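> model this:
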Amino acid sequence: MTTKTISAGAIASLETSDGGVFSQRMTTTVMMLLAGVVLLFAVGFAQGSGSFMHNAAHDTRHAVTFPCH
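Numbers count the residues shown, from 1 in each chain. Okay, here's the model as predicted:
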């Protein structure tokens, strides 16, 4: 095996692994965004049990001085 063959093999494996990492990161990003949207809607439109989830989220926003009104 020559140096050229070894270098070509290393570059090919690097490109393959970078594609896999990018794909995993994109999948994770999409799943996290979806989970965040579902959580926001679940808390924002929570009904029943005295709106406990909605009130807790609202109080948390006030506690961290995030404007909400």
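
> what's the first helix or strand after the helix or strand containing Met32?
Taking DSSP states H and E as the definition, Met32 sits inside helix 3-44. Per DSSP H and E, the first helix or strand lying C-terminal to helix 3-44 is helix 52-63.

> name the helices or strands packed onto that next one?
Counting by 3 or more CB pairs under 8 Å, 6 or more residues apart in numbering; DSSP states H and E, the packing neighbours recorded for helix 52-63 are helix 3-44. For the C-beta atoms, the positions are set from N, CA and C on the backbone; glycine is no exception.

> and the helix it packs on, what's its mean pLDDT?
Averaged across helix 3-44, the pLDDT comes to 77.

> for stretch 58-66, same thing?
In the prediction, stretch 58-66 has an average pLDDT of 82.

> which residues sit against that stretch?
Outside stretch 58-66, the residues within contact range by CB atoms under 8 Å, 6 or more residues apart in numbering are Cys68.

> what's Val43 in contact with, if anything?
Contacts of Val43 (CB under 8 Å, 6+ apart): Met53, His54, Ala57.

> a markdown table please, covering the residues you listed and showing distance to Leu40 and neighbour count.
Below are the contacts of Val43 laid out as a markdown table (distance: CB to CB, whole Å; neighbours: other CB atoms under 10 Å):
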| residue | distance to Leu40 | neighbour count |
| --- | --- | --- |
| Met53 | 11 | 17 |
| His54 | 11 | 16 |
| Ala57 | 9 | 17 |
